[in-house]
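In: Kindly return the folded structure for what I paste below:
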Amino acid sequence: MDYELAYIIPAKFSEDEVPKINHKITRLILDSGGQILNEESWGKKKLAYPIKQNKYGYYQIIKFALEPLALQKIEHQLKLDSSILRHMTIKVKYRTTTEKEKKRALRKKVEVKKIEEKKIEKPKVEKVKKISIEDLDEKLEEILKDDVVK
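Out: Numbering: from 1, shown residues only. The predicted structure follows:
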């Protein structure tokens, strides 16, 4: 399974210590039988709200492949690690280019169908031929002449 781990290192650590903490976490993943796919560092950012009296933190993201049972061990270690303020691991499904194209084509079909349904929903109104009052009077006279009761 592929996962994405996002975690925050408190700003009390210097920028020189951040790579050491990152290495410790990647080592934890590799020792559990995982494979690192990608690592990103977003740098020092202000937190949305203070966490354990920290207003700033270093945001890090690691994408990795790992067996689901081994993930529990890593999650437990991250909870116990005091050099991590918060962390979140999500399961990621990477799509191939063909899957992405299929999804785009499907979305396009749905959009076209919606547009066609809107066109169909409008009732077609036929224009009615206007008749003058004089024509109506003449027609009425004709009908009454024929239907005289005998």
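In: just how off-centre is the longest helix along the chain within its chain?
Out: Criterion DSSP state H: the longest helix present in the chain is helix 97-121. The chain centre lies 17 Å from the centre of helix 97-121; the measure is CA atoms, centre = their mean, to the nearest Å.
In: How about stretch 128-144?
Out: 65 Å.
In: Stretch 37-53 too?
Out: 22 Å.
In: Now tell me what touches that stretch from outside.
Out: For stretch 37-53, the external contacting residues (CB atoms under 8 Å, 6 or more residues apart in numbering) are 2, 8, 10-11, 15, 18, 22, 26, 54-65, 85-86. Every C-beta, even on glycine, is put in place using the N, C-alpha and C of the backbone.
In: Parallel or antiparallel, list what pairs with the longest strand belonging to the chain.
Out: For the chain, the longest strand by residue count, based on DSSP state E, is strand 35-51. Strand 35-51 pairs in its sheet with strand 54-65 (antiparallel), by DSSP bridges.
In: what pLDDT, on average, does the partner strand get?
Out: Mean pLDDT, computed over strand 54-65, is 92.
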